[in-house]
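J.: Below are the sequence and a predicted model; questions follow.
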Amino acid sequence: MPTFLIYLAIILPAILIGLGIALYVFQERLIFYPDKLSVKAQFKFDNEFEEYFIETKDGEKINALKFKAKTP
């Protein structure tokens, strides 16, 4: 019985620490998962906004939205 508790006391924290390290390393992929929008995608908001397409040096296009405040 005591050897089981010793193994449990070693393995369980090791698993939790490993999981924490894995979440830290892959956090950007988990949070900011890249999705490509269709070219035909249209945004509809109640507030006034402008849509921009920014072309990068490598030929990629970035879509950006600029919301205008009524009062700054």
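T.: Thanks, I have it. Numbering: from 1, shown residues only.
J.: Hmm, residue 64 is touching residue 43, no?
T.: No. Applying Cβ atoms under 8 Å, one finds residue 64 not in contact with residue 43, separated by 11.1 Å. For glycine as for every other residue, the C-beta is placed from the backbone atoms N, C-alpha and C.
J.: Does residue 52 belong to a helix, a strand or coil?
T.: Going by DSSP: H, G, I helix; E, B strand; the rest coil, the secondary structure assigned to residue 52 is strand.
J.: Just grab the bridge partners of it for me.
T.: Residue 52 has these beta-bridge partners by DSSP bridges: residue 64.
J.: and it, how many neighbours?
T.: 9 (other Cβ atoms under 10 Å).
J.: tell me, what residue is most central in the protein?
T.: Centroid check for the chain by Cα atoms, centre = their mean gives residue 32 as the closest residue, at 1.6 Å.
J.: returning to that earlier point: overlap of the contact sets of residue 64 and residue 43?
T.: Contact criterion Cβ atoms under 8 Å, 6 or more residues apart in numbering; residues shared by residue 64 and residue 43: residue 51.
J.: got the contact list for residue 47?
T.: Neighbour list for residue 47: 67, 68 [criterion: Cβ under 8 Å, 6+ apart].
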